[in-house]
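Engineer: what follows is a predicted structure for the sequence shown.
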Amino acid sequence: MDTKTIDELHAEHTDWQKRLDFYADEINIMNKRIADVASKNTAKETLAQVEHFQNSMIVQKNNIDELRHTVKDHDNYLQNRVEENPVSAGVRKVNDHPKMRESMNSFETNFNAIRHELNEFLSKVL
């Protein structure tokens, strides 16, 4: 298994948390746009798409919450390693977290696909 320094992994966690905050803000913006479409359109097909996107936003919000929890847990693990030996935090190696990185990459890929799909829908109905 690959290793990285505690500082490298912590920096990655910090970056992920900021990106997850951004995506959470994006969900709020997209939910407002979806609600705007729902208030102005009563066509059955449009409302079905609105419901699809509302459900997608709920799923994505849950994904963000789960990723935040996972990242926070791993950051707590790193913090415990630092407390064991504070002097070596910058050079001490711990196991890398490729599964977490893959989860984050998959989330971002899926989120961006949904955002693109929503933007296409919005361009047709607005």
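Structural biologist: Perfect, I can see it now. Numbering: from 1, shown residues only.
Engineer: for the strand or helix carrying residue 21, packing partners?
Structural biologist: For residue 21, the host element (DSSP states H and E) is helix 6-40. In this structure, helix 6-40 makes packing contacts with helix 44-84, helix 98-125, judged by 3 or more C-beta pairs under 8 Å, 6 or more residues apart in numbering; DSSP states H and E. For glycine as for every other residue, the C-beta is placed from the backbone atoms N, C-alpha and C.
Engineer: distance check, the closest residue to residue 53 other than its chain neighbours against residue 50.
Structural biologist: Leaving aside its chain neighbours, residue 53 sits nearest to residue 34 (5.0 Å; criterion: C-beta to C-beta, 6 or more residues apart in numbering). For residue 34, the distance to residue 50 (C-beta to C-beta, to the nearest Å) stands at 6 Å.
Engineer: shaky segments in this protein?
Structural biologist: Nowhere does the chain drop to pLDDT under 70.
Engineer: please redo it, this time with the cut-off set to 90
Structural biologist: Residues of the chain that meet the criterion pLDDT under 90 lie in 1, 41-42, 81-93, 126.
Engineer: quick check: closest non-adjacent residue to residue 91.
Structural biologist: Counting by C-beta to C-beta, 6+ apart, the residue nearest residue 91 is residue 5, at 6.1 Å.
Engineer: show me what that neighbour is bridged to.
Structural biologist: Beta-bridge pairing of residue 5, defined through DSSP bridges, involves residue 93.
Engineer: residues near it, how many?
Structural biologist: 16 (other C-beta atoms under 10 Å).
Engineer: I'd say it and residue 88 touch.
Structural biologist: No: Residue 5 is not in contact with residue 88 according to C-beta atoms under 8 Å; the separation is 9.1 Å.
Engineer: how about stretch 46-65, which residues are buried there?
Structural biologist: Neighbour-count burial for stretch 46-65 flags 46, 49, 50, 53, 56, 57, 60, 63, 64 (criterion: 16 or more other C-beta atoms under 10 Å).
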